[in-house]
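*Asks:* Pasted the sequence and its predicted model underneath.
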Amino acid sequence: MRRTIMAMICAASLAAGLLTGCGQSGGAGEGSGKTDSPATEAGGSSEAGTGSEAGSVAEDSSVSKAAAGDAREDVVVTMPVTSEPESGFDPAYGWGAGEHVHEPLIQSTLVVTNKELQIEKDLATEYSVSDDGMTWTVKIRDDARFTDGEPVTAADVAFTYNNCKEKSSVNDFTMLESAAAVDDTTVEFKMTKPYAIWPYTMAIVGIVPEHAYDENYGQHPIGSGRYIMKQWDKGQQVIFEANPNYYGEAPGIKKVTVLFMEEDAALAAALAGQVDVAHTAASYSDQAIDGYSLYRVDTVDNRGFNLPCFMPEEKDGITYGNAFTSDVKVRRAINIGIDRQEMIDHVLNGYGTAAYSVCDKLPWYNSAAEVAYDPEGAKRLLDEAGWTEGADGIREKDGQKAAFTLMFSSSDSVRQALAEDTANQLKELGIEVTTEGVGWDVAYDRAQAEPLVWGWGAHSPMELYNIYHTLPDSGIGQAGYSPYANEAVDRYMDQALESGSLEESYELWQKAQWDGTTGITQEGDIPWIWLCNVDHLYFVRDGLKVADQKIHPHGHGWSIVNNVDQWGWE
Amino acid sequence: MRKLNRRQRLLLGLAFSAAFLIIVCVWGILGAEAARATDFSRKNIPPCLQYPFGTDWLGRDMLARTVKGLSMSILIGITAAAVSAVIALLLGIASATMGRAVDSVVSFVIDLIMGVPHILLLILISVALGKGLKGVIIGVAVTHWPSLARLIRAEVLQLKEMPYIKIAVKLGKSRWHIAVKHMLPHLLPQFIVGLVLLFPHAILHESSITFLGFGLSTEQPAIGIVLSEAMKYLATGKWWLALFPGLFLVITVALFYILGQSLRKLLDPGSVHQ
């Protein structure tokens, strides 16, 4: 009897051990390739393979360190496993230009964005747009060469864009009719509609060589950028080496090794001194690691939730709208009834900034979106709207409870914490919020009727369009992700796309948010509530000088190495 | 103190196991609210008097979560195991009494299901049914019956050949009478023990697939969820998040096993003489 019990206990603990070993599969597959993948805190622990890989890489780097004397010229960076480009390093399949925009490193782009997110030239020497906005003409430099020695020509540029338009499933190229090379250094883009923010697209599409492009390009990319991809061990690491023939300033860091691992593995790798930059989350920020310091980057990687603005209506098996949140006063009460700073302190350990829109701090942001925390005002709004407190402290109106379900991606603990904190805070107002973890397979459809915690933030105003503009072919004729429609907002955004210059378009994007009478802010329709921008945190080895970062978009991956060529060791 | 004999010791073990499991279940059902309540002012507290199991990164009381998680696991385990046992009973009897064709089909299905690793089949079924409570219960229910079905089939086949059954048939008793009066009393102890011994299996499998992310959804305080969340914080030295829930899962499973074994020995006719 005793022996069988002991055996049982041993077996059970063995089983527990086994389970621990395969914890990796926690959130695998969820949301990958979709508009909103759980980048900040994917679930699960590390695989043994990743750890040992980190070990061998560290050995590599110490070798090159010894060879180069005191000044190291290489760097080892960790990234979430979701950052590994599934389809390879091909811009047509989302490299650089996909869900998480970043500079493509291997390829060069026509223009680049600077720290203020204004446009600067790279391959392009000049660009202009016709008066009707239907033709963009770009002249490119003639001294750029691909790493196989061939020159970069206008034909390559035209090929790249036509190829992206034809193949891209992750990026929107519907505004492009076609691209054509006029001569060796001039390329013309014919548009299907005026698109004033085209330079922001040109800033993320890496130019590929027409002569060396086939379906396997993503596995063996050739470009004219700062780095050459030397080695890619799928599921583990990518090694980049500096391009010796780069037309611009020679990169200071000669070798960049990127390791893909979960946050807890990255932390362990930093604790073991195996990496130079380890991505991490707020929940690990209180860890002190010898020889490393915490590096925080300002972001527009925001979290917020949608509030469906229509009354429920069913179409094709999907419910659109939510009776409680369709009341604009309810939405306004929620917006001012949330203490964003408390949320940042509690959930993000202070590593975040309050968010009031999807584009805080960007050139097209309208600061009218900002609101102060005002619980009394929120209660007043709810009272005015007829939602009065019931016996259990939860408000009611005509027998209906002031309640909704707030969903979050089940593999993302930060979003879960934000959802829980939202529920706690709204309870104070007399609103009952039930939280529920969901997978991305059902989240998009369910978000049409129930609020969902989202993560957005991009280096392009098009995101405003994607979230707030109505789409003719979607559901019941409203915006794509959550039921909302406002003709004035639509009109401003259409005008912004048709405007003659970027500066002019910024103003119109701002008017789309709030023009003094209507918009998407507190005094307007407030169809989305924005909570916070999550700082991107890294443990950086002492002595490594990480160059100033431009504000990071959504995605805790490639953005950090945008300017890795300008890093250096002290 | 007088030394207890084997039967009394078994009864004591039985009573203790049953009491523990019932207390966990009831406490868990009553404490549902506490297990989900988050309070950021008390997050990441190591075990202390006020919070014997500590609190997690959302400031949730780990004691409440452990108990609630166990009670959910126990209830899911019992439901799934009960459904599984009914399937086993029906198929086992059908296989033994309804002729060779049925027998070979049922035997083939039993071999088929036993040939595939449980956890794989479970994940497949659970995901196909859209995860969640329904997926887990059905998944566990349709994967755990084969061994019990085989046992029942063998038992019935054996009983059919017993002289007193043959005599009953010769005396012209109806099939129903034979089944209820003569067969059931012999089958029941085996069935009940088999059922109870299914529980620990079902509980472990429920928590495994939930741990792996194919079971219940993250906001539910299931023991698999509690454990998989804890994994992320082990690297930062928050040992209490995984230790207590893990330990109590093992204890619960072990107690169910003791319960089953004690029942088996008590129902064994020989034990009366001790």
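*Replies:* Good, I have the coordinates.

*Asks:* For chain B, what is the nearest residue in the stretch 451-570 of chain A?
*Replies:* Residue of the stretch 451-570 of chain A nearest chain B, by Cβ to the nearest Cβ: residue A:453 (11.9 Å). Every C-beta, even on glycine, is put in place using the N, C-alpha and C of the backbone.

*Asks:* who are the neighbours in contact with residue A:533?
*Replies:* By Cβ atoms under 8 Å, 6 or more residues apart in numbering or on different chains, residue A:533 lies in contact with A:298-303, A:352-355, A:360-361, A:457.

*Asks:* Check the residues you listed for burial and list the buried ones.
*Replies:* A:298-303, A:352-355, A:360-361, A:457 (16 or more other Cβ atoms under 10 Å in any protein chain shown).

*Asks:* returning to that earlier point: does the residue of the stretch 451-570 of chain A closest to chain B belong to a helix or a strand, and which?
*Replies:* For residue A:453, the element it lies in under DSSP states H and E is strand A:453-456.

*Asks:* follow-up on the earlier one: pretty sure the residue of the stretch 451-570 of chain A closest to chain B contacts residue A:303?
*Replies:* Yes: between residue A:453 and residue A:303 there is a contact at 6.1 Å, judged by Cβ atoms under 8 Å.

*Asks:* Which neighbours do these two have in common?
*Replies:* Listed contacts common to residue A:453 and residue A:303 are A:415, A:418; contacts here mean Cβ under 8 Å, 6+ apart.

*Asks:* Name the residues of the stretch 451-570 of chain A found near chain B, please.
*Replies:* The stretch 451-570 of chain A has no residues near chain B, with proximity defined as Cβ under 8 Å from any Cβ of the partner chain.

*Asks:* And the strands in the stretch 451-570 of chain A, which stretches?
*Replies:* Taking DSSP state E, counting those that start in this stretch to define them, one finds strands in the stretch 451-570 of chain A at A:453-456, A:528-534, A:536-541, A:544-545, A:568-569.

*Asks:* Tell me which of those strands lies nearest to residue B:195.
*Replies:* Of all the strands of the stretch 451-570 of chain A, strand A:453-456 sits nearest to residue B:195, with 42.3 Å by Cβ to Cβ.

*Asks:* got a list of contacts for the closest one?
*Replies:* So strand A:453-456 is contacted by A:36, A:38-40, A:301-306, A:358, A:406-409, A:415, A:418-419, A:447, A:463, A:467, A:481, A:534, A:554 (Cβ under 8 Å, 6+ apart).

*Asks:* So which of these are in helices?
*Replies:* Taking DSSP state H as the definition of helices, the contacts of strand A:453-456 contribute A:415, A:418, A:419, A:463, A:467.

*Asks:* how about the helix or strand where residue B:70 lies, does it reach chain A?
*Replies:* Here residue B:70 is covered by helix B:62-97, with elements defined by DSSP H and E. No: Helix B:62-97 lies apart from chain A when judged by Cβ under 8 Å from any Cβ; the minimum separation is 13.0 Å.

*Asks:* Can you name every helix or strand that that helix contacts?
*Replies:* When contacts are defined as 3 or more Cβ pairs under 8 Å, 6 or more residues apart in numbering or on different chains; DSSP states H and E, helix B:62-97 packs onto helix B:6-30, helix B:32-36, helix B:100-115, helix B:132-143, helix B:146-160, helix B:184-211, helix B:223-234, helix B:240-267.

*Asks:* Flag every residue of the stretch 51-200 of chain B that's near chain A.
*Replies:* Counting by Cβ under 8 Å from any Cβ, the stretch 51-200 of chain B sits next to chain A at B:57, B:58, B:130, B:131, B:200.

*Asks:* Distance of the most centrally placed residue in chain B relative to residue B:15?
*Replies:* Nearest to the mean C-alpha position of chain B, by Cα atoms, centre = their mean, lies residue B:199 at 1.4 Å. Look at residue B:199 and residue B:15: by Cβ to Cβ, to the nearest Å, they are 17 Å apart.

*Asks:* Also residue B:172?
*Replies:* Distance, residue B:172 to residue B:15, by Cβ to Cβ: 45 Å.

*Asks:* In terms of neighbours, single out the busier of those two.
*Replies:* Using other Cβ atoms under 10 Å in any protein chain shown, the more surrounded residue of residue B:172 and residue B:15 is residue B:15, with 12 against 7.

*Asks:* And for the residue in the stretch 101-250 of chain B positioned nearest to chain A, nearest residue in space, chain neighbours not counted?
*Replies:* As assessed by Cβ to the nearest Cβ, chain A sits closest to residue B:218 within the stretch 101-250 of chain B, at 3.2 Å. Nearest non-adjacent residue to residue B:218, counting by Cβ to Cβ, 6 or more residues apart in numbering or on different chains: residue A:437, 3.2 Å away.

*Asks:* That neighbour looks like it's in a strand, true?
*Replies:* Yes: according to DSSP: H, G, I helix; E, B strand; the rest coil, residue A:437 belongs to a strand.

*Asks:* what about it, how many neighbours?
*Replies:* 20.

*Asks:* what are the bridge partners for it, then?
*Replies:* Beta-bridge partners for residue A:437, by DSSP bridges, are residue A:408.

*Asks:* same thing with residue A:186?
*Replies:* Here residue A:186 sits in beta bridges with residue A:139, residue A:183, as judged by DSSP bridges.

*Asks:* Would you confirm that it contacts residue A:139?
*Replies:* Yes: counting by Cβ under 8 Å, residue A:186 does reach residue A:139; the two are 5.4 Å apart.

*Asks:* between those two, who's got more neighbours?
*Replies:* Relative neighbour count places residue A:139 above the other of residue A:186 and residue A:139, with 19 against 15, counting by other Cβ under 10 Å.

*Asks:* Next, the contact list for that one, please.
*Replies:* Contacts of residue A:139 (Cβ under 8 Å, 6+ apart): A:124, A:125, A:126, A:127, A:185, A:186.

*Asks:* Sort out which of the residues you listed are buried, if you could.
*Replies:* By 16+ other Cβ under 10 Å, these give A:124, A:127, A:185 as buried.

*Asks:* and of those, the nearest to residue A:323?
*Replies:* Closest to residue A:323, out of all of the buried ones among the contacts of residue A:139 and judged by Cβ to Cβ, is residue A:127, at 49.5 Å.

*Asks:* can you pull up the bridge partners for that closest one?
*Replies:* Residue A:127 has the following beta-bridge partners by DSSP bridges: residue A:138.

*Asks:* Would you mind measuring from it to residue A:203?
*Replies:* Separation of residue A:127 from residue A:203 (Cβ to Cβ) stands at 11 Å.

*Asks:* which neighbours do those two share?
*Replies:* A:110, A:111.

*Asks:* tell me the contacts of the nearest residue to residue A:403 once chain neighbours are set aside?
*Replies:* Counting by Cβ to Cβ, 6+ apart, residue A:432 is the residue found nearest to residue A:403 once chain neighbours are left out, at 3.9 Å. Shown in contact with residue A:432 (Cβ under 8 Å, 6+ apart): A:394, A:401, A:402, A:403, A:426.

*Asks:* now do residue A:449
*Replies:* Residues in contact with residue A:449 (Cβ under 8 Å, 6+ apart) are A:308, A:312, A:318, A:319, A:320, A:321, A:322.

*Asks:* ok, and the most crowded of the residues you listed?
*Replies:* Tallying neighbours with other Cβ under 10 Å puts residue A:308 at the head of the contacts of residue A:449, with 27 neighbours.

*Asks:* sorry, back to before: drop anything exposed from the contacts of residue A:432.
*Replies:* A:394, A:401, A:402, A:426.

*Asks:* quick revisit: out of the buried ones among the contacts of residue A:139, the closest to chain B would be?
*Replies:* Nearest to chain B out of the buried ones among the contacts of residue A:139 is residue A:124 (Cβ to the nearest Cβ; 44.7 Å).

*Asks:* Thank you kindly, that will do.
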